[in-house]
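> attaching a predicted model along with its sequence, questions to come.
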Amino acid sequence: MNKKVATITLNPAYDLIGLVENIKTGEVNLIQTAGLYPAGKGINVGKILKTLGINVTVGGFLGKENQSTFQKHFAELGIVNRFQVVEGRTRTNVKLTEQNGLVTDFNFSGFSVSKEEWQRFAKDSIQWLSEFSMVCVSGSLPEGVELDDFTEWMQRLRETCMCVVFDSSREALTAGLKALPWMVKPNRRELEIWAGRPLPTFEDIITAAHQLRATEISHVVVSLGEEGAILVNSAGIWLAKPPHCEIVSTVGAGDAMVGGLIYGLMMGQDSEHTLRLATAVSAMTVSQSNIGSIDRQQLARLMAKVELTALTPYPSKNNNKKRTS
């Protein structure tokens with residue numbers, strides 16, 4: 001497998017990150033500004049991969065009116081830019097992190113993609129994405145993109161690229177899953193929505209993950225916040241619990257995990273090492289205000305502190321095998 005990956009972000013955003021002791025609704029809140037960053041789930045994944053030494057190409061849509069910071073950012077990072085520019089403005093998302101680590105999002109509207117613009121993207125992207133052996137599609141859909149059109153594009157992408165990694169939510173998640181991507185990373189709530197029922201226990205989560213795998217999805221990774229993540233594939237089931245970290249912001253933690261998963265798999269690592277790495281990258285991210293800064297020595301220390309448990313077939317006191325190194 002070549003060491004380059006493409007990430008697709010159809011609905012990117014400028015992330016305005018703020019820190020606040022606690023949000024008081026109906027009152028004036030004084031916010032400490034942590035930064036304003038060109039972002040979006042696939043872009044965040046790309047930044048993690050670039051920092052880890054992978055050649056990254058990014059694509060999707062950008063609003064014409066405020067594209068310059070994105071374009072400059074990609075150039076500074078040395079990331080190949082294949083974004084299609086459309087009329088309008090790329091949206092702004094305000095993400096406020098309270099002292100207890102709770103993040104509240106205010107996601108504003110942005111550009112709308114016309115039928116013609118989507119058709120152009122669908123045609124062009126399938127052509128240039130054929131150069132990649134791994135493609136990550138992340139995030140929500142912009143206004144104007146029909147769910148059926150997105151499913152059709154995902155199916156064409158899956159025929160072109162063997163390894164499609166998918167991370168989305170709500171209707172876009174359901175639409176993308178119909179294309180049977182190679183790996184998916186829902187969080188617990190997203191998996192509950194797909195399954196149509198609450199998943200309060202690890203056993204419930206694993207059962208739903210197996211149901212996803214039964215549709216011919218090879219890898220299912222369920223992120224669980226501070227509880228860690230569960231990986232289910234043909235080789236087994238693992239639970240990874242992150243080490244304790246000082247939380248600055250949880251923004252981008254899931255994207256960092258996707259980046260770590262892709263990196264481990266691209267480097268030919270086994271499932272256990274890959275999940276340990278992805279969990280450590282995610283843990284490192286929550287201690288920062290912006291995603292994408294990775295210290296290799298710190299990463300190695302965090303990896304050694306990840307508690308990895310092999311689950312066979314479900315977690316129980318007498319049927320687990322823990323590995324901490």
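It's in.
> low-confidence ranges in this structure?
Applying pLDDT under 70 to the chain flags the ranges 1-2, 247-250, 289-292, 312-325.
> now do the helices in it.
In the chain, the segments counted as helices under DSSP state H are 41-51, 68-77, 115-129, 147-160, 170-177, 188-195, 202-213, 253-266, 271-286, 296-305.
> tell me the gap between the first one and the middle of its chain.
Just to be clear, that refers to helix 41-51. Helix 41-51 sits 9 Å away from the centroid of its parent chain (CA atoms, centre = their mean, to the nearest Å).
> what are the contacting residues of it?
For helix 41-51, contacts defined as CB atoms under 8 Å, 6 or more residues apart in numbering pick out 5, 7-9, 12, 56, 58, 60, 77-79, 136-139, 167-168, 252, 254-256, 258-260, 262-263, 281, 285, 291-294. Backbone N, C-alpha and C define where each C-beta goes, glycine included.
> excluding chain neighbours, what is closest to the residue nearest to the spatial centre of the chain?
Closest to where the C-alpha atoms of the chain average out (CA atoms, centre = their mean) is residue 255, at 3.2 Å. Leaving aside its sequence neighbours, residue 255 sits nearest to residue 44 (CB to CB, 6 or more residues apart in numbering; 3.6 Å).
> check residue 105 too.
In space, residue 105 is closest to residue 95, 5.4 Å off (CB to CB, 6+ apart).
> beta partners for the one you found?
Per DSSP bridges, the residues bridged to residue 95 are residue 17, residue 105.
> how about residue 6?
residue 57, residue 135.
> against residue 139, how distant is it?
Separation of residue 6 from residue 139 (CB to CB, to the nearest Å): 14 Å.
> what's the answer for residue 259, then?
The gap separating residue 259 from residue 139 is 14 Å, by CB to CB.
> what about these two, which has more around it?
Set residue 259 next to residue 139 and count neighbours by other CB atoms under 10 Å: residue 259 wins out with 35 against 25.
> and the residue nearest to residue 105, what does it touch?
15-18, 103-106, 249, 251.
> one more time with 10 Å, if that's ok
13, 15-19, 34, 37, 39, 103-107, 249-252 (CB atoms under 10 Å, 6 or more residues apart in numbering).
> which of the residues you listed count as buried?
13, 15-19, 34, 37, 39, 249-252 (16 or more other CB atoms under 10 Å).
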